[in-house]
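> Based on what follows, work out the 3D shape:
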Amino acid sequence: MNIKIFHSKLFSILFPLGITLLFTLFCINDPLFWDSINSNRVAQFYFDQHFNNLLLPREIDSGNPPFLGLYFALFKFIGAQTAYLHLAMIPFVFGFWYQIVKLCKNTFKSANGYFIFILFCLIDPTIAAQNQIVYTDVPILFLFLLGYNSINKSKYFWTFLVILFCPLISIKGLIIDIILLCYIFYKKEYLKSGLLILGLIPFLIWMIYHHQIQGYWLSPPDSMWSSQRDLVSAFQLIKNGMVFGWRLIDFGRLFAFVIGIYLWLKFKPKGIIGIPLLIISALIYLIILCPFSNPISHRYLLPIIILGYLIIAQLIENSNFKSPPTKRALTIVILITLLEGWNFVYPNHIAQGWDANLAYKNYFPLKKEVDDFLAKSHIPKREVGSAFPCLASDYLTTGLGSKVEMPYLNLEKNTYLLVGNITNDVTDQQWNQIEDKFLPIRIFRKNGIYLTLFHIKTNDLK
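Numbering: from 1, shown residues only. Okay, the predicted model is just below:
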């Protein structure tokens with residue numbers, strides 16, 4: 001295959017555009033899921049308030065600046081349906097894949113390595129899932145890749161814009177800024193790294209303004225987000241480090257990284273692009289994420305995963321096997337294991353990152369089946385205790401239907417409960433109490449995901 005085809009300007013536009021449209025078609029009719037529910041909650045607040053107030057109510061203030069929420073709110077002028085929010089993601093999804101193509105151009109000398117890297121990124125379960133979820137991660141990934149590509153081409157105006165906008169989209173963007181600034185410092189561009197820090201000034205102004213009005217720096221001290229920012233014990237720190245590693249190799253990525261290590265040890269190649277940034281990214285994410293109680297999500301680590309694929313694709317491209325089909329066989333093994341991760345569901349009582357692979361799509365028809373059953377059985381949603389993500393109203397997840405939300409489960413007060421393997425908030429202790437005090441009415445299942453509707457035992461009624 002001719003590398004000139006991949007390097008053409010036409011391919012650089014048409015390929016990202018085609019992938020963007022493909023992902024949009026896959027998700028355009030999906031209800032909102034996981035943290036995208038909060039994206040809509042924020043956007044709905046700004047729209048309902050006619051954009052008169054930048055500051056969010058305490059109950060939905062997670063600490064992120066408002067600008068992405070304001071952008072999403074603009075699409076509500078088109079209509080309330082959440083399909084329009086999926087359309088709002090198109091510029092970011094396109095930007096992400098456009099920067100992936102540019103990264104390929106700057107890295108690979110042959111079409112094989114280019115093609116292998118693109119396939120790894122396309123088939124990775126977490127990348128595929130995040131390209132269909134309305135949240136901050138794809139915009140942040142787009143800016144991360146834009147920053148990396150612009151630094152390598154010494155186009156520091158674009159790097160400045162990345163430093164400026166990353167933390168204004170999400171607090172997580174501040175980690176990206178630190179990584180990129182450290183990378184510039186590693187390249188001995190000391191003056192440029194110092195000047196680029198000035199891009200953080202708008203973010204600092206926002207934080208000071210937010211603190212002056214709200215009285216807290218990120219989220220309210222009594223919110224669920226604040227409880228996730230506590231320092232952990234030494235034992236939990238080690239456990240977080242293990243979870244960090246697990247997230248990197250989860251959903252089929254283990255074989256990719258094992259093959260990468262094998263090729264590195266066997267051929268000891270030189271001139272592999274991306275290693276310094278990979279090391280910097282991994283160290284900074286470890287230092288920032290592991291000391292705190294906030295769950296380490298797969299999507300947080302996508303910059304490391306993408307750089308890992310970049311390096312593995314180069315190792316396969318540059319490997320000197322005597323049998324040419326060996327490269328193809330290694331690539332196929334990695335792709336098959338990644339595909340296996342698309343719908344993988346962990347056994348009960350192992351918390352899964354539900355927004356990290358495509359198994360979550362089975363939740364939508366399952367939840368509709370539950371809602372239909374509740375309506376036919378004349379069980380009001382207000383009487384059914386549940387947990388995230390089942391709490392959200394139909395209106396919040398689809399833009400249509402009822403605005404009634406389920407209350408958070410209270411085992412002392414609820415008559416009905418709706419819980420399952422997708423409700424990660426339910427602890428093992430709570431499960432034991434549920435099985436002791438409640439009787440299952442019906443179990444709803446769909447490709448590994450299940451929800452159980454419980455009713456309190458008669459002798460426990462008060």
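> I'd like to know which helix or strand in this structure has the lowest mean pLDDT.
Across the helices and strands of the chain, mean pLDDT, DSSP states H and E gives its lowest value to helix 224-227, namely a mean of 70.
> now this structure, which segments are flagged as low pLDDT?
Along the chain, segments meeting pLDDT under 70 span 1-2, 226-227, 459-462.
> And the strands in the protein?
Using DSSP state E, the strands of the chain run over residues 384-385, 416-420, 438-446, 449-456.
> Name the residues that touch the third one?
For strand 438-446, contacts defined as CB atoms under 8 Å, 6 or more residues apart in numbering pick out 362-363, 365-366, 369-370, 373, 416-417, 420, 450-457. Where you see a C-beta, it was placed from the backbone N, CA and C, and this is true even at glycine.
> on that earlier part again, can the strands of the chain go into TSV with extra columns for mean neighbour count and distance to Leu200?
Formatted as TSV, the strands of the chain follow (neighbours: other CB atoms under 10 Å; distance: least, CB to CB, whole Å):
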stretch	mean neighbour count	distance to Leu200
strand 384-385	22	43
strand 416-420	23	42
strand 438-446	15	45
strand 449-456	20	41
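> Same list (the ones you listed) but as TSV, adding distance to Gln214.
Below are the strands of the chain laid out as TSV (distance: least, CB to CB, whole Å):
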stretch	distance to Gln214
strand 384-385	30
strand 416-420	33
strand 438-446	39
strand 449-456	36
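> Surely Thr82 touches Gly399?
Yes - Thr82 is within contact range of Gly399, at 4.6 Å (criterion: CB atoms under 8 Å).
> Settle it for me: which of those two has more neighbours?
Thr82 (29 against 19; other CB atoms under 10 Å).
> Distance check, that one against Ser393.
12 Å (CB to CB, to the nearest Å).
> Pull out the buried residues from stretch 312-319.
Applying a neighbour-count criterion of 16 or more other CB atoms under 10 Å, one finds Ile312, Ala313, Gln314, Leu315, Ile316, Glu317, Asn318, Ser319 buried in stretch 312-319.
> can I get the residues you listed in TSV with distance to Trp158?
Shown next, in TSV, are the buried residues of stretch 312-319 (distance: CB to CB, whole Å):
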residue	distance to Trp158
Ile312	27
Ala313	24
Gln314	24
Leu315	29
Ile316	30
Glu317	27
Asn318	29
Ser319	33
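> Considering these, which is situated nearest to Phe185?
Gln314 (24.2 Å; CB to CB).
> burial measure for the nearest residue to that closest one once chain neighbours are set aside, as a count.
Leaving aside its chain neighbours, Gln314 sits nearest to Ile272 (5.2 Å; criterion: CB to CB, 6 or more residues apart in numbering). As a burial measure, Ile272 scores 15 neighbours (other CB under 10 Å).
> mind listing what Ile272 touches?
Ile272 neighbours (CB under 8 Å, 6+ apart): Ile311, Gln314, Leu315, Asn318.
> quick one: which of these is nearest to Ile305?
Ile311 (10.9 Å).
> For the closest one, which non-adjacent residue is closest in space?
Gly274 (5.2 Å).
> For the one you found, give me phi and psi.
phi 110, psi -10 (degrees, to the nearest 10).
> Which neighbouring residues are in contact with it, exactly?
Applying CB under 8 Å, 6+ apart, one finds that Gly274 lies in contact with Thr107, Leu307, Leu310, Ile311, Gln314.
> again with Leu453
Contacts for Leu453 (CB under 8 Å, 6+ apart) come out as Val370, Phe373, Leu374, Val384, Tyr416, Leu417, Leu418, Pro440, Ile441, Arg442, Ile443, Phe444.
> Look up the closest residue to it, ignoring the ones flanking it.
Of all residues not flanking Leu453 in the chain, Ile441 sits nearest, at 4.7 Å (CB to CB, 6+ apart).
> Quick check: the gap between the one you found and Ile208.
52 Å.
> Tell me how the chain divides into domains.
3-340, 358-460 (automatic domain parsing).
> just to revisit the earlier point, and which of the buried residues of stretch 312-319 is nearest Lys102?
Ala313 (15.1 Å).
> So that closest one sits against Ala111, correct?
No - Ala313 lies out of contact with Ala111 (CB under 8 Å); the separation is 11.7 Å.
> Quick one: residues contacting the nearest residue to Ala356 once chain neighbours are set aside.
Spatially, and ignoring its direct neighbours in sequence, Ala356 is nearest to His298 (3.6 Å; CB to CB, 6+ apart). By CB under 8 Å, 6+ apart, His298 lies in contact with Thr126, Arg247, Asp250, Phe251, Gly353, Asp355, Ala356.
> Next step: the residues you listed restricted to helices.
Thr126, Arg247 (DSSP state H).
> Filter the contacts of His298 down to the buried ones, ChimeraX style.
Remark: buried members of the contacts of His298, expressed as a ChimeraX selection using 16+ other CB under 10 Å:
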select :126,247,250,251,353,355,356
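> Make sure Ser223 is actually in contact with Pro57.
No - using CB under 8 Å, Ser223 makes no contact with Pro57, being 10.9 Å away.
> who has more neighbours, these two?
Between Ser223 and Pro57, Ser223 has the larger neighbour count (other CB under 10 Å), namely 18 against 12.
> quick one: that one from Arg229, how far?
10 Å.
> repeat for Ile100
32 Å.
> do Phe142 as well
From Phe142 to Arg229 the distance is 26 Å (CB to CB).
> Compare those two and say which is more crowded by neighbours.
Higher neighbour count among Phe142 and Arg229: Phe142, with 23 against 13, using other CB under 10 Å.
> Would you mind measuring from the more buried one to Phe92?
Applying CB to CB to Phe142 and Phe92 gives a distance of 5 Å.
> Nearest residue to the most centrally placed residue in the chain in space, please, no chain neighbours.
In the chain, the centroid-proximal residue (CA atoms, centre = their mean) is Arg299; its distance is 3.6 Å. Closest residue to Arg299 apart from its sequence neighbours, by CB to CB, 6+ apart: Asp137 at 4.7 Å.
> same question, Ala351
Asn424 (4.6 Å).
> got a list of what that neighbour touches?
Asn424 touches Ala351, Gln352, Trp354, Ala387, Phe388, counting by CB under 8 Å, 6+ apart.
> Next one: Thr415 from Ile434, what distance?
Thr415 is 13 Å from Ile434, by CB to CB.
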